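Q: give the three-dimensional model of this entry:
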Amino acid sequence: MIFPPVAEIDFFGVYNPGLPNRECLVLQTKVAVNLAQLGILNGWRMPNGQAMPLWDNFFWFGDLQVSAQTWLVVMTCGGKLEATTHPNTGQPLFRFFWGRKATIYENSNVLPVLIQLGAVKIGERHIPQTLPRPSAQGLLQ
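A: Purely as a prediction, here's the structure:
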C-alpha cells in the first residue's frame, strides 16, 4: 500500500546510528502543526524502496502544538522531553526521548517511517464473557 508523503514535516533522517545515547532522528516542521497527528514507526527496507512496518515499534509525539520551523529531535534512548532553541538559528527545538533500551538503527535495513494519522476508533473494555453482539460469542474460548 502506498500513501502520500507527510507534507508538513521535513524528515532529515537518522543521525549517529547505532551509537548509544546519541542515536536520533531529526525533523523540522514546515508549518504550524499539532504533533498529536504524527508518529514514527520502524520499517524493514524493501527492494522497491518502501518499508514494511516492524511489529511493536511505534513512537508518538503526544499532543503538542508547534510553530513552523520547529526542530524535532527524537533520541532513541531514555530521557524527558526538553524544550529549547537551536543553538545556531534560535528556532524552537524539542528533544523527545523514545525510551528504547538499545539503539534501533545500527542495521541499515531498519528505517524510520513518519506517519500521519487520518482516522481512529477507540475500542471499549468489556467484562469477560459479556461481548456486545451474539456474533462475537465464542471468540474468547
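
Q: wait, is residue 40 part of a helix?
A: No: looking at residue 40 with DSSP: H, G, I helix; E, B strand; the rest coil, it is strand, so not inside a helix.

Q: what score does the nearest residue to it once chain neighbours are set aside have for pLDDT?
A: Distance criterion C-beta to C-beta, 6 or more residues apart in numbering; nearest residue to residue 40, sequence neighbours excluded, is residue 59 at 4.4 Å. For every residue, glycine as well, the C-beta is placed using N, CA and C. pLDDT, residue 59: 97.

Q: now residue 114
A: In this model, residue 114 is scored at 97, pLDDT.

Q: for the host helix or strand of it, buried residues please.
A: Taking DSSP states H and E as the definition, one finds residue 114 inside strand 110-116. Within strand 110-116, the residues that count as buried by 16 or more other C-beta atoms under 10 Å are 110, 111, 112, 113, 114, 115.

Q: who are the packing partners of that strand?
A: strand 9-15, strand 38-45, strand 51-60 (3 or more C-beta pairs under 8 Å, 6 or more residues apart in numbering; DSSP states H and E).

Q: coming back round to it: looking at the buried residues of strand 110-116, spot the one nearest residue 89.
A: residue 114 (21.7 Å; C-beta to C-beta).

Q: that closest one bridge partners, please.
A: For residue 114, the beta-bridge partners under DSSP bridges are residue 40.

Q: so how far is stretch 54-68 off the chain centroid?
A: Distance, stretch centre to chain centre, for stretch 54-68: 4 Å (C-alpha atoms, centre = their mean, to the nearest Å).

Q: and the contacts of that stretch?
A: Here stretch 54-68 makes contact (C-beta atoms under 8 Å, 6 or more residues apart in numbering) with 29-36, 38-44, 72, 74, 81, 92, 94, 96, 98, 104, 110.
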